[in-house]
Structures are given as structure tokens and as C-alpha cells.
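Asker: sharing a sequence plus its predicted fold:
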Amino acid sequence: MRVATAQHRDPNPARAVREAHAALVRELGGAPHWLFVQSSVHHDREALRQALAGLELPAVHGSSSCLGVMTQAGAILEGPSLALLGLRDEAGSFGVGAATPDGDPAAAAGLALERAIDAAGRQGEVPTLVWLTAAPGHEEACIAGLAALLGPDVPIVGGSAADDAITGGWYQLTRDASYSDAVVISAWFPSGRVVSAFQSGYKPTTTRGVVTRASGRVLHEIDGQPAAAVYNAWTGGAITAAMNEGGGVLGSTSLHPLGRRVGEVGGVPYYRLAHPATVHPDGAIDLFADIAEGDELVLMAGAVDALLSRAGRVALDARALASLAPADIAGALVIFCAGCMLTVRDRIDQVVAGLDEGLGGAPFLGCFTFGEQGCFVGGENRHGNLMISVTVFARE
């Protein structure tokens, strides 16, 4: 397998796509067999799709990313930006499928998967890995729909589409259509190894409680008390300003997410995170992940320096899972939570440098998402917030 990336700042999507794709073809020695596209919402989604459709590529999977994009060449976090990752693998097969939820996101994810497998020409076979892109809001149901068809052993990895201000301006796209709310699936049948690591950059504290009332992504009560009051006490006043009239709290809670234990390795537990987004006057908190009564919540603690270095360490962990030396790596895809990016925005170059070191200089594309999906070391496919995944393509 061969991987190349290219990024472009041109505000004209047709010109940006044409020139970035030409750079990929030169680097790969031919057209990619799977193309991953990330752009800022400054590009019109349909104009972008039409430009991609003009390339006559067999498999195109794309979405919008918060503020901008990131590759080994650096991060672009303002204005129009586009990044492409091309995968060329003559002995592999790749397919993309899409479906709209229409009230049943689990069924949509299953339909999109079936279409992706059909597009790859591998009917009746199980893919090595499934790449998932959805609009924020129903990622857990998408994972459940995929798992119902695939079973528990196929990694499900991806990131939710994002915009710059959580106003619903995000989009997803394939070669054939662009969407504001769709499930886009890639089914990978590569000839070489693919390995993915999924982690957070946060540590558990000893502060914890049990969800006593919740509905979907709304956390009403912890230990029988209004969730906002409990969380505010736990964090020493992180959301005091929103307690009376309510309001957005994403910025003030990004270093204090709520964790739920998923499993453990060597006696050390690992967690998926939920990011508090909005406080309501009645004391409820909106999250970016589903929550259920009976869940034990652990207050997690983060630090800027830990977030800056975590992506590079996740890259090293992905390599270790398959014992890959730097020379073995063709390239990588990186999912980096938009909340984490916004917290370290002024020092994002350190994130790029850490990934470059962890991947041994291999090309990578990173996107900034409003929800992260990945496979933990114990094999659990989960949706979370403030998470990082690194998916590495081996040359063989």
C-alpha cells in the first residue's frame, strides 16, 4: 500500500481539488483507489463534491472539519482549507456507501455498509476495518447498526462531521452526493495491515457518582441531585456562570469531561468520555454522547501539555500493536477532537510535530471532529468525546 496527502488553501474548491489531487497522483505513481477528503465549512459542499466527481475516482469519502485540517505539512485553522489522503493499493478493494437516517440511524448505517461492501465488489466478505462518518447526534446507534451486521470483531473507526460554531453547518459527502445528515461508510479490504489505537488524554479522578435520571444525551441527575449542581461542585465552579440562566459550557468543561469505564489492561482501566456542552436552567446538562441511568460517571482531569503530546503517543501505541517500525508505515489517518484542538489551538504545531515523530515521518491527515468513534485495546467499538484515534496503514 502507498499513501500520500496534500492540502490546499485556495478558496476555489475546483482548483483546490484539482491541484491537491494532482499532487497525490504524482506522489502515488497513479490515481488513488480510496480518497479521504476533509475541508473547512468555508467550501460549499456541493461545489466540492462536483469537483471531486470530475476526477472519476472509484471511492470518495469526505466530511467537514472544525476550523480546518491538519497534515504532516502543518495545520490550517482559518479560512478555506482542504486536505486529501489518497490510498493506492492495487491488490486491495475499497468501497463507499451512504444512507440518510430517516428516523432510524442504526438501519441507515447497516444500509450504508451494505452499499460500501457492494461498491468494493466483496459481497459476502467481512471488511478489515469500517470507517464511519455521521452527523453529530446518533453515533451510538450507527455503531450498533454496524455491529449487528459485522459482529464484535471488526474495528469501527471514524469521526463526526463538524463545523466552526456548532450551528449545523457540517456536511458529509461521497462522489455521488453531499449531505447535511447522512451516514457515510467505507469498507476496507486492504492488501496490507491496518491497525488503529483509540484513547483520551485525560486521567480519572477519585470523584464519581451514578446517573439517576437521563434521557438520550441529556443528563438530568447525578446521585439524585441536579446534574449541573453536582458537576459544578465537582469541578470547583467550572460552570458557575451558566448555573442560573443556562448556556453553552464547552470551553469551560473541555479539561473536565465525564468518563465511563470501558475495560482495563493490566489492571489499569480505560474510559470513554462525554463532553458537557450546554447547561439548562433546570440543572440538566446536554452532552455530546448518550448517557443512561445507572451509568457510573468519573470526573476526568486533563491538561494542555497532555493534550499536546497525546496524539503522538497514540501513534506510537498504534505502531506497537502491529510491531511497526517507521519504515513499515505507509501513512495514517488521525481523528482529533475539535474540543481538544480548540483548547490547544495556539500550539497546534506541537501536535503536528508529535504525530510526525510518532509516525516516523509518514504522511498523515488529521481532522477535527464533533465526536470520535474507535476501537479500544480490548476490542470495544465505542463513541466518545475529547478522544483521539490514529489508524496506521502498513506498507505490506
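Answerer: Perfect, thanks for sending it.
Asker: what residue spans form the domains of this structure?
Answerer: 2-199+306-394, 203-301 (automatic domain parsing).
Asker: of these, which stretch is the most buried?
Answerer: Sort the domains of the chain by mean neighbour count, taking mean count of other C-beta atoms under 10 Å, and domain 2-199+306-394 sits at the top with a mean of 21. C-beta: built from backbone N, CA, C; applies to glycine.
Asker: just give me the longest strand of this structure.
Answerer: strand 203-215 (DSSP state E).
Asker: now do that strand, average pLDDT.
Answerer: Averaging pLDDT along strand 203-215 gives 98.
Asker: helices or strands up against that strand?
Answerer: strand 218-222, strand 296-301 (3 or more C-beta pairs under 8 Å, 6 or more residues apart in numbering; DSSP states H and E).
Asker: nearest to residue 50, of these?
Answerer: Minimum separation from residue 50 across these (C-beta to C-beta) falls at strand 218-222, 38.8 Å.
Asker: the closest one pairs with which strands?
Answerer: Paired neighbours of strand 218-222 in the sheet (DSSP bridges): strand 203-215 (antiparallel), strand 225-226 (antiparallel), strand 285-287 (antiparallel).
Asker: which of the ones you listed sits closest to residue 251?
Answerer: strand 285-287 (14.6 Å).
Asker: what inclination does the longest strand of the chain have with respect to strand 296-301?
Answerer: 140 degrees (axes from the mean of the first three to the mean of the last three C-alpha atoms, to 10 degrees).
Asker: contacts for strand 203-215, please.
Answerer: 219-224, 230, 234, 259, 269, 271, 291-302, 306 (C-beta atoms under 8 Å, 6 or more residues apart in numbering).
Asker: any regions of the stretch 151-300 of the chain where pLDDT drops low?
Answerer: Scanning the stretch 151-300 of the chain for pLDDT under 70 picks out nothing.
Asker: would you map the helices across it?
Answerer: Ranges of helices within the stretch 151-300 of the chain are 227-234, 250-253, based on DSSP state H, counting those that start in this stretch.
Asker: what's the closest of those helices to residue 77?
Answerer: Of these, the one closest to residue 77 (C-beta to C-beta) turns out to be helix 250-253, at 16.1 Å.
Asker: including distance to residue 64, could the strands paired with strand 218-222 go into TSV?
Answerer: TSV is the format used below for the strands paired with strand 218-222 (distance: least, C-beta to C-beta, whole Å):
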stretch	distance to residue 64
strand 203-215	28
strand 225-226	35
strand 285-287	21
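Asker: so which of those gets nearest residue 93?
Answerer: Of those, nearest to residue 93 by C-beta to C-beta is strand 285-287, at 37.6 Å.
Asker: return the distance of the closest one from the chain's centre.
Answerer: Centre-to-centre, strand 285-287 and its host chain are 20 Å apart (C-alpha atoms, centre = their mean, to the nearest Å).
Asker: hmm, who's touching that strand?
Answerer: Under C-beta under 8 Å, 6+ apart, the answer for strand 285-287 is 217-219, 227-228, 231, 249, 258, 274-280, 385.
Asker: try 7 Å this time
Answerer: With contact meaning C-beta atoms under 7 Å, 6 or more residues apart in numbering, strand 285-287 is reached by 217, 218, 219, 227, 228, 231, 274, 275, 276, 277, 278, 279.
Asker: what of stretch 228-246?
Answerer: 207, 209, 222-223, 249, 252-253, 256, 276, 279-281, 283-285, 299.
Asker: if we use 10 Å, what do you get?
Answerer: 205, 207-209, 219-226, 247-249, 251-256, 258, 276, 278-286, 297, 299, 301 (C-beta atoms under 10 Å, 6 or more residues apart in numbering).
Asker: now do the contacts for the residue nearest to residue 76 when sequence neighbours are not counted.
Answerer: Distances taken as C-beta to C-beta, 6 or more residues apart in numbering put residue 68 closest to residue 76, at 4.3 Å, once the chain neighbours are dropped. Neighbouring residues of residue 68 by C-beta under 10 Å, 6+ apart: 7, 9, 38-42, 75-83, 164, 341, 348, 366-368.
Asker: for stretch 262-269, what is the distance to the chain centroid?
Answerer: 23 Å.
Asker: CA atoms only: put it into CSV for me.
Answerer: Only the C-alpha atoms of stretch 262-269 are listed here, as CSV (Å, rounded to 0.1, in the frame of the first residue of the first chain):
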residue,chain,number,x,y,z
VAL,A,262,-14.9,0.6,29.3
GLY,A,263,-12.4,-2.0,30.3
GLU,A,264,-8.9,-2.4,31.7
VAL,A,265,-5.4,-3.6,30.6
GLY,A,266,-3.1,-5.0,33.2
GLY,A,267,-5.4,-3.7,36.0
VAL,A,268,-5.4,-0.2,34.6
PRO,A,269,-8.9,0.9,33.5
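Asker: list the contacts of that stretch.
Answerer: By C-beta under 10 Å, 6+ apart, stretch 262-269 touches 198, 204, 259, 261, 270-272, 298, 376-380, 382, 384.
Asker: among those, which ones are in strands?
Answerer: 198, 204, 259, 261, 270, 271, 272, 298, 382, 384.
Asker: what's the spacing between the second one and residue 384?
Answerer: It stands for residue 204. Separation of residue 204 from residue 384 (C-beta to C-beta, to the nearest Å) stands at 14 Å.
Asker: ok, which stretches of the stretch 1-150 of the chain are helices?
Answerer: 13-28, 45-53, 105-120, 139-150.
Asker: pLDDT of the shortest one, averaged?
Answerer: To tie it back to what came earlier, the one meant is helix 45-53. pLDDT averaged over helix 45-53 gives 96.
Asker: nearest to residue 361, of the contacts of stretch 262-269?
Answerer: residue 198 (22.9 Å).
Asker: for the closest one, give its distance to residue 249.
Answerer: 25 Å.
Asker: what of residue 100?
Answerer: 31 Å.
Asker: before we move on, the earlier item: out of the strands paired with strand 218-222, which is closest to residue 176?
Answerer: strand 285-287 (33.5 Å).
Asker: closest to residue 2 out of the contacts of strand 285-287?
Answerer: residue 275 (36.2 Å).
Asker: in contact with that closest one, which residues?
Answerer: 249-250, 253-254, 256-258, 286-289, 337-340, 370-371, 384-387.
Asker: how close does it sit to residue 5?
Answerer: 28 Å.
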